[in-house]
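quick one, what's the 3D model for this:
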Amino acid sequence: MSKKVAEIIVETLQSAGVKHCYGVVGDTLNLIAHSISKSGIEWVSMRHEEAGAFAAHGEALITGNLTACAGSCGPGSLHFINGIVEANRNRAPVILIASQIVRDELGFEFPQEVDFKAIYGSISVYCDMILTPEQARRKTVMACQSAIAKQGVAVLIVPVDISHSDVKDDLPYAVHTSQPIVRPTDSDLDQIAAIINTGEKIAIYGGAGCRGAHDEILRAAEILKAPIAHTSRGKDSLSYDNPYNVGMTGLIGNEAAYHAVRECDTLLLLGANFAWRQFYPDHAKIVQIDIEPTHLGRRHPITRGVVGDIKATLEALIPRLHKKTDTSFRDHFVQRYRDLMADQMEKAAPKRRDTISGIYLTEVIDRMAADDALVAGDDGTATVWMHRYFKATAKRRFYASLLHGTMAAAMPTALGLQKAQPGRQVIALSGDGGIGMLLGDLLTAVQHKLPIKVAVFNNGKLGFIDIEQKSEGLVPLYTHLQNPDFGAVAKAMGLWGRTVAKADELEAAVGEWLAQPGPALLDVNVEPMTLVMPPMIELGPAYGMVLYSARAVLGGQAHDLIEMIKENI
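The predicted model follows:
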């Protein structure tokens, strides 16, 4: 019995574990969408394809399962690109079904013709087009298997005439994947143990690859008397229930973690692909363990690198480590971190009753959020405050565009998280620029009854860009945003909505917002001049701030300078 190619594609997606497909229906996608409606896969109608890719990315990250998105030919499938880059960089198993114009018109600049293979080929782990009906199942299997096995995005290009074609000789290709345990050889383990055992001031620096290895890393830290620093992407894997935690280093980190990593004589680098070289130690021996071979020595010269899962490798490495007795190096930085956190919480308290800082907003949400909340932050100050002021637990997870650095990811990622985990509290910490960019997909939350909670950090500007311009000595230009009352906009769209501007009203507003049974948006007018301070100040940005201050006064903007001083000092 023959089948349509569209049916075979959907049947294969379902067999690969796909539960949801995010997209916007278009003409060349109609048959595939109808095939999905008859399957066990749920179609999630989005208002913008970019938001659909972010949502699929969120679901794939939280579940670890293959998630689909689908678009019509030309601009429809092209709109996914930003979210697809995000998913691929975060190793999220996502498959994009990109429908295409009929094959006879390819190569003739036909309306809506786009060379998807040229565009998506460099930002995916698999990208190919079904050329004949008989290839349909085989190439769909290859796409699914590549996305799952390589942990990334697969793009399957489907000409509309192919999707409508019948397949008479359909061979039973199927998706086969496994999760092997990967660890170094005994010889490799002996070598890295010898390097580590000669160290006297040992530090551990872990990243996103440490997920699932919490207990083994703490055991290694206890043996080596090592403080544990982590990247921002490693926060929810390492910072909870961790007596050796010294927090994050990096641009949005703290000085305890920064100095612990910089001042050690031996660094055990685990599952981290942190990009900025200036935060690595200059003279320490570095042992790097990572599941991705190309990450070894990629960011900074290392002494020895080995390939392996962090959990399995540490299980084999720990018996080879010599127990240290001197805890002074670790104790110093653990105490320094605790002192910094106490000082940080003091700064979170509101200085004025008539205004709200983004820091105080984050601290209040953290205090009232569920123990197992899923939290997504927009690129910029919302993500900084999330990573600095949200406390990690064994169940909380944090999501942000830390590798791609795109705006507007928080709210649509939250949609996918909520779809995948309907019983959990999902919170989006959105910037005013980010929420404005993909505002329409708040309607997706209403249409699909997804009870996400969106907090808008409304400072009336592109805050991070504003800070960057000031650090270069420039008076900020083109960063101002003329925003609506987002609380009123949310109400008009069918969400619960409220706007708050005073610190003494905030706690009650956050409590009411989080208690809503459906989607809810809290628009918070936050102080516009709060600075993000890195763990160390370089001469260039410091000099830039001095120049900005002088130019602001000379240019008649002394009020802004005074406001910045009031908010930060």
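
drop to CA atoms for contacts and neighbour counts, all remaining ones
Will do.

for the stretch 351-500 of the chain, give me the ranges with low pLDDT.
The stretch 351-500 of the chain contains residues with pLDDT under 70 at 461-479.

so where do the strands sit in it?
Taking DSSP state E, counting those that start in this stretch to define them, one finds strands in the stretch 351-500 of the chain at 374-377, 397-400, 426-431, 453-458, 496-500.

what about dumping the CA coordinates of stretch 503-522 to CSV?
Once side chains and other backbone atoms are set aside, the C-alpha atoms of stretch 503-522 remain, and they are given as CSV (Å, rounded to 0.1, in the frame of the first residue of the first chain):
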residue,chain,number,x,y,z
ALA,A,503,9.3,49.1,45.7
ASP,A,504,6.8,48.9,48.5
GLU,A,505,4.2,47.5,46.0
LEU,A,506,6.5,44.9,44.4
GLU,A,507,6.2,41.9,46.8
ALA,A,508,2.4,41.9,46.7
ALA,A,509,2.4,42.2,42.9
VAL,A,510,4.9,39.4,42.4
GLY,A,511,2.9,37.1,44.7
GLU,A,512,-0.3,37.9,42.8
TRP,A,513,1.4,37.4,39.4
LEU,A,514,2.9,34.0,40.4
ALA,A,515,-0.4,32.8,41.8
GLN,A,516,-2.3,33.3,38.5
PRO,A,517,-3.6,30.0,37.0
GLY,A,518,-3.0,31.1,33.4
PRO,A,519,-0.4,33.1,31.5
ALA,A,520,0.5,36.3,33.3
LEU,A,521,2.7,39.3,32.6
LEU,A,522,4.1,41.7,35.2
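
would you mark the buried spots in that stretch?
Taking 16 or more other C-alpha atoms under 10 Å as the basis for neighbour counts, the residues of stretch 503-522 that come out buried are Ala503, Leu506, Glu507, Ala509, Val510, Trp513, Leu514, Gly518, Pro519, Ala520, Leu521, Leu522.

which pair of those spans the longest distance?
Greatest spatial distance among those (C-alpha to C-alpha): Ala503 and Gly518, at 25.0 Å.

contacts for the longest helix along the chain next, please.
Assignment by DSSP state H gives helix 328-348 as the longest helix of the chain. Around helix 328-348, the neighbours that count as contacts under C-alpha atoms under 8 Å, 6 or more residues apart in numbering are 201, 203, 225-227, 243-247, 254-257, 260, 357, 359-360, 363.

change it to 10 Å
The contact list for helix 328-348 (C-alpha atoms under 10 Å, 6 or more residues apart in numbering) reads 200-203, 221-222, 224-229, 243-248, 254-260, 263-264, 357-364, 388-389, 568-569.

skipping its backbone neighbours, what lies nearest Phe457 in space?
Gly431 (5.0 Å; C-alpha to C-alpha, 6 or more residues apart in numbering).

need the contact list for the one you found.
The contact partners of Gly431, by C-alpha under 10 Å, 6+ apart, come to 377-383, 407-411, 437, 455-463, 523.

repeat for Asp432
Here Asp432 is in contact with 378, 382, 408, 439, 455-463, 481-484, 486, 523-525 (C-alpha under 10 Å, 6+ apart).

what subset of those residues is buried?
For the contacts of Asp432, a burial check counting by 16+ other C-alpha under 10 Å picks out 378, 382, 408, 439, 455-463, 486, 523-525.

before we move on, back to that, can you go through the contacts of helix 328-348 and name the buried ones?
Neighbour-count burial (16+ other C-alpha under 10 Å) applied to the contacts of helix 328-348 gives 200-203, 221-222, 224-229, 244-248, 254-260, 263-264, 357-364, 388-389.

what about stretch 14-33, start to end distance?
With C-alpha to C-alpha, to the nearest Å as the measure, the first residue of stretch 14-33 is 13 Å from its last.

tell me which residue lies nearest the centroid of the chain.
The chain has Ala400 as the residue nearest its centroid, 3.2 Å off, counting by C-alpha atoms, centre = their mean.

for Arg233, see how far away it is.
As for Ala400, its distance to Arg233 is 8 Å (criterion: C-alpha to C-alpha).

list residues touching both of the two?
Taking C-alpha under 10 Å, 6+ apart as the contact rule, Ala400 and Arg233 both touch Asn90, His387.

one step back: can you flag which of the buried ones among the contacts of helix 328-348 belong to helices?
With DSSP H as the criterion, helices contain 221-222, 224, 255-260, 263, 358-364, 388-389 from among the buried ones among the contacts of helix 328-348.

residues in contact with Asp236?
Contacts for Asp236 were tallied using C-alpha under 10 Å, 6+ apart; they are 207-208, 210-211, 214, 230, 387, 391-399.
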